[in-house]
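Student: Sequence first, predicted coordinates after that:
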Amino acid sequence: MDALQLVGLVAASAAVAGVARRTPVPAPLLLVAAGLAASYVPGVPDYTLDPHIVLPLILPPLLYTAAVESSYLDLRANLRPVALLSVGYVLFATVAVGWLAYVLVPDLPLTAALVLGAVVAPPDAVAATAIARKLGLPNRITTILQGESLVNDATAITAYKVALAAAVGEGVSWVGGIEEFALAAIGGIGVGLVLMLPIHWLRRHLGEALLQNTLSLLIPFVAYAAAEEVGASGVLAVVVVGLFLGHRNWQVGFATRLQEEAVWKMVAFVLESAVFALIGLQLPYVVQGLGQYGMGEAAWYAAGVFVAVVVVRFVWVYPATFLPRWMSKRIREREPGVDWRAPLIVGWAGMRGVVSLAIAFSIPVVADGEEFPARNLVLFLTFTTVIGTLVVQGLTLPPLIRFLKMPGRDTYAETLAEAQAQSEASRAAEERLDALLEDERNALPPPLADRLRTVLERRRNAVWERLGAVNEVTGETVDDTYRRLAGEMIDAEREVFVRFRDERRIDDEMMRTLLRRLDLEEAAAYREESG
């Protein structure tokens, strides 16, 4: 792939993702569909997924972004269901789907079938969690789906390596496989634990937002490469570092946080858009490689594997949800009760993604003198499973959630908790300000001191106002109206600054300085909405 093709891929996928934001269709589905259509357009170059690029260069930043934005405390509170899905389910799916594929496809060796099982085992929860947030699912379900997606790739990659070694005749035993899995998991966590404190110390002491964010862009690649270098799981190393830095993000400066959030949102948007488009673009390459298998015959195998993947997830999810509660009184007391709807949503949210395809493309044609059996069929079955889950489950998940009428997030209770926290914080800030102003070294003219108190009072009242009644004419809360009027005032100031620049009454540098002040004022006046 040359530079022009890469630029074309990024530009086209970003454009399609932008269109998807204005439609009810989830962006991953529209991107895959666009890739499928583009793959048959004359003149579109061949885009082949290279696992040497996807796994070390695309997977780490996506995992890091998800880990930084995740809640360490929520994940710890839901560690049992997350572990059951990200480790237990992936191993179960590897064996169950592999065995079903072995039974379904004639002449497919069991070892090759287990490789297929490991490849299609890890769900990619990017689309599922986006839908969950958009439709206001309970926070616990969203946390479980996020937590699963953070760790399941490591489980699947390790299981794949063990199954591949067996498939090419390296004589791996079950004991050896378990040892390799344990070493990869423990090693990955260990590397993450070793790196997280020095990286956090360096972030805090660089002192300049630009340098801190440059380091931020390097962190996932450093963590992944360091773990892989010692034979450990790079995925787990990235996740551990990301969770720690996200949990401690408040200890870096506000400028770093503002820049970092914008930078990583852009990186995640570009990478996610490109990889989902790449999935669709693989179709010609995969179909051409079928060789001895006819398209009709392969389609039947694909349908069988797709059904197996969907059913096996439910076979695991429902017992994993209810058996521990039935067996342990402590779990029943500690964790909130669930009905049949929550595991139904979690089970149906098992869409596969680019990691499965990247692992499948990394299957060698020949390894240690042994040819991998049915490699092209495994690639085709992986591709059809990824496409099938994204289309079938991705399109039906939103209406399923609406049909089940799951209780949404209690926005009133969340706003009340936010208001109470802000009130307590404002009281502490006011006490700190009074103590500081008593020191003659901190003397301020009364207007400036009053201004500090006014800003503090505004922050304290803003959240409480969101609990109040709305304007019957506009449907706005008092806080909404305040922010809208503040925005109109800032727009008026901005227009004057631009006019002065155009009239050469101020230069561009001064205009940028003035506009940045307005941008900070606007950022303070407008609370960022989720999604």
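Tutor: All right, it came through fine. Residues are numbered from 1 along each chain as shown.
Student: all contacts plus neighbour counts: C-alpha atoms, from now on.
Tutor: OK.
Student: residue boundaries of the helices in the stretch 301-450 of the chain?
Tutor: 329-334, 341-348, 354-361, 375-388, 394-404, 411-437, 446-465 (DSSP state H, counting those that start in this stretch).
Student: now for those, which one comes closest to residue 112?
Tutor: helix 375-388 (8.1 Å; C-alpha to C-alpha).
Student: the inter-axis angle of the closest one versus helix 354-361?
Tutor: Put simply, helix 375-388 runs at 170 degrees to helix 354-361, going by axes from the mean of the first three to the mean of the last three C-alpha atoms, to 10 degrees.
Student: Remind me what helix 375-388 packs against, helices and strands.
Tutor: helix 110-119, helix 283-288, helix 295-327, helix 354-361 (3 or more C-alpha pairs under 8 Å, 6 or more residues apart in numbering; DSSP states H and E).
Student: Repeat the analysis, applying 6 Å as the threshold.
Tutor: Judged by 3 or more C-alpha pairs under 6 Å, 6 or more residues apart in numbering; DSSP states H and E, helix 375-388 is in contact with no other helix or strand.
Student: Other residues contacting it?
Tutor: For helix 375-388, the surrounding residues in contact (C-alpha atoms under 6 Å, 6 or more residues apart in numbering) are 116, 286, 289, 290, 302, 306, 352, 353, 360.
Student: Residue 148 is nearest to which of the helices of the stretch 301-450 of the chain?
Tutor: helix 341-348 (10.4 Å).
Student: Tell me the buried residues in the closest one?
Tutor: Buried residues in helix 341-348, counting neighbours by 16 or more other C-alpha atoms under 10 Å, are found at 342, 343, 344, 345, 346, 347, 348.
Student: for the record, mean pLDDT for that helix?
Tutor: For helix 341-348, mean pLDDT rounds to 92.
Student: Which residue lies closest in space to residue 246, excluding its sequence neighbours?
Tutor: Nearest residue to residue 246, sequence neighbours excluded (C-alpha to C-alpha, 6 or more residues apart in numbering): residue 68, at 4.2 Å.
Student: On the three-state scheme, the one you found is what?
Tutor: Three-state assignment for residue 68 (DSSP: H, G, I helix; E, B strand; the rest coil): helix.
Student: Report pLDDT for it.
Tutor: The per-residue pLDDT reported for residue 68 equals 89.
Student: what's around it, how many residues?
Tutor: Residues lying near residue 68 (other C-alpha atoms under 10 Å) number 22.
Student: again, but for the one 3 residues further on
Tutor: Residue 71 is surrounded by 18 other residues when neighbours are defined as other C-alpha under 10 Å.
Student: let's number from 302 now, not from 1
Tutor: Shifting the count to begin at 302 puts that one at residue 372.
Student: ok now do it, which residues does it touch?
Tutor: Shown in contact with residue 372 (C-alpha under 6 Å, 6+ apart): no residues.
Student: Can you pick out the most distant pair from the buried residues of helix 642-649?
Tutor: 643 and 649 (10.0 Å).
Student: on that earlier part again, and of the buried residues of helix 642-649, the nearest to residue 491?
Tutor: Lowest distance from residue 491 to these (C-alpha to C-alpha) belongs to residue 647, with 29.8 Å.
Student: and of the buried residues of helix 642-649, the nearest to residue 448?
Tutor: Of all these, residue 647 has the smallest distance to residue 448: 12.1 Å, by C-alpha to C-alpha.
Student: mind listing the strands for this structure?
Tutor: Assigned by DSSP state E, the chain shows strands spanning 667-668, 671-672.
Student: any idea which of these scores lowest on pLDDT?
Tutor: Among the strands of the chain, strand 667-668 carries the lowest mean pLDDT, at a mean of 58.
Student: before we move on, back to that, and which of the buried residues of helix 642-649 is nearest residue 577?
Tutor: Taking C-alpha to C-alpha as the measure, residue 577 lies nearest residue 649 of those, at 19.5 Å.
Student: Need the nearest residue in space to that closest one, chain neighbours excluded.
Tutor: Looking at residue 649 with C-alpha to C-alpha, 6+ apart, the closest residue is residue 694, at 6.4 Å.
Student: Might one say that residue 547 is in contact with residue 368?
Tutor: No: using C-alpha atoms under 6 Å, residue 547 is not in contact with residue 368, being 7.2 Å away.
Student: Which one's more surrounded, those two?
Tutor: Taking other C-alpha under 10 Å, residue 547 and residue 368 do not tie; residue 368 has more neighbours (25 against 19).
Student: in the stretch 352-501 of the chain, which ranges drop under the pLDDT threshold?
Tutor: Applying pLDDT under 70 to the stretch 352-501 of the chain flags residues 426-437, 470-475.
Student: Helices of that one, start to end?
Tutor: Using DSSP H, counting those that start in this stretch, the helices found in the stretch 352-501 of the chain span residues 352-354, 360-370, 373-378, 380-384, 391-405, 411-420, 427-435, 440-468, 475-507.
Student: now the angle from the fifth one to helix 411-420?
Tutor: If you take the same axes, to 10 degrees, helix 391-405 sits at 140 degrees to helix 411-420.
Student: just checking, what packs against helix 391-405?
Tutor: helix 411-420.
Student: mind exporting the helix it packs on as PDB, just the C-alpha atoms?
Tutor: Output in PDB follows, covering the C-alpha atoms of helix 411-420 (Å, rounded to 0.1, in the frame of the first residue of the first chain):
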ATOM      1  CA  LEU A 411      -9.300 -30.600  14.400                       C
ATOM      2  CA  THR A 412      -6.200 -28.500  15.100                       C
ATOM      3  CA  ALA A 413      -7.100 -26.200  12.100                       C
ATOM      4  CA  ALA A 414     -10.700 -26.000  13.400                       C
ATOM      5  CA  LEU A 415      -9.400 -24.900  16.800                       C
ATOM      6  CA  VAL A 416      -7.400 -22.200  15.100                       C
ATOM      7  CA  LEU A 417     -10.600 -21.000  13.500                       C
ATOM      8  CA  GLY A 418     -12.300 -21.100  16.900                       C
ATOM      9  CA  ALA A 419      -9.600 -19.000  18.500                       C
ATOM     10  CA  VAL A 420      -9.700 -16.500  15.500                       C
END
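Student: For that helix, give me every contacting residue.
Tutor: Counting by C-alpha under 6 Å, 6+ apart, 395, 398-399, 402-403, 457, 460-461, 464-465, 468, 657, 679 sit against helix 411-420.
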